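Visitor: A structural model of the following input is requested.
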Amino acid sequence: MRLPRRRTWFATLTAAVVLAILYLCLAPFRFSIRHGNINAVGALVGSWAKPPDPVDFALNIVLYVPLGAFCTLASPPRLRRPWRRVALVTGGGALLSIAVELTQYFDRSRYTTATDVYANTLGTFLGAAAAVLLFRR
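Guide: Numbers count the residues shown, from 1 in each chain. Below is the predicted model of the structure:
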């Protein structure tokens, strides 16, 4: 009985981290449609080679580490292989990051950059890998 309670606790923490990420990355929630010849996906893909601001890159990594750790610890026991947990959680973190970046395109005070996706995915991976290494059973 102890394991399901533990997973429920980590699932709750995962949800709280997702809400915190959405709030921090999308506030003040003033969205509008941009006019021009480039779309959100085009803006994201077009920024793939921009050099990142080192501080912003590091902050994005740190923001997603708890997501990777808590989501890995909340994952079901049928994912017995640690690499499967890490891969699945990292993929989920990447999808969340892409969704946030595409949404930021519609906020004039935000920038859509692929380097944020790289940093967020790396942060999710580091958190998931740390959870697997530190909490092995």
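
Visitor: what comes up buried for stretch 20-31?
Guide: For stretch 20-31, the neighbour count (16 or more other CB atoms under 10 Å) marks 21, 25-26 as buried. Every residue, glycine included, has its C-beta placed from N, CA and C.

Visitor: can you dump the C-alpha atoms of it in PDB for me?
Guide: Output in PDB follows, covering the C-alpha atoms of stretch 20-31 (Å, rounded to 0.1, in the frame of the first residue of the first chain):
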ATOM      1  CA  ALA A  20       4.000  26.500 -12.100                       C
ATOM      2  CA  ILE A  21       5.700  26.100 -15.400                       C
ATOM      3  CA  LEU A  22       2.600  27.300 -17.300                       C
ATOM      4  CA  TYR A  23       2.200  30.200 -15.000                       C
ATOM      5  CA  LEU A  24       5.800  31.300 -15.100                       C
ATOM      6  CA  CYS A  25       6.100  30.900 -18.800                       C
ATOM      7  CA  LEU A  26       2.800  32.400 -19.900                       C
ATOM      8  CA  ALA A  27       1.900  35.100 -17.400                       C
ATOM      9  CA  PRO A  28       0.500  37.800 -17.800                       C
ATOM     10  CA  PHE A  29      -1.700  35.800 -20.200                       C
ATOM     11  CA  ARG A  30      -2.200  38.600 -22.800                       C
ATOM     12  CA  PHE A  31      -2.500  36.800 -26.000                       C
END
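
Visitor: next SSE after the lengthiest helix in the chain?
Guide: Counting residues, the longest helix found in the chain (DSSP state H) is helix 2-26. Downstream of helix 2-26, the next assigned helix or strand under DSSP states H and E is helix 40-46.

Visitor: can you give the contact residues for the longest helix of the chain?
Guide: Residues from elsewhere that reach helix 2-26 (CB atoms under 8 Å, 6 or more residues apart in numbering): 63-64, 66-67, 70-71, 73-77, 96, 100, 103-104, 107, 110.

Visitor: from those, which ones fall inside strands?
Guide: Counting by DSSP state E, those place none of their members in strands.

Visitor: buried subset of these, written for PyMOL?
Guide: Selecting the buried subset of those in PyMOL, with 16+ other CB under 10 Å as the burial test, is done by:
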select buried, resi 63+64+66+67+70+71+73+74+75+96+100+103+104+107+110
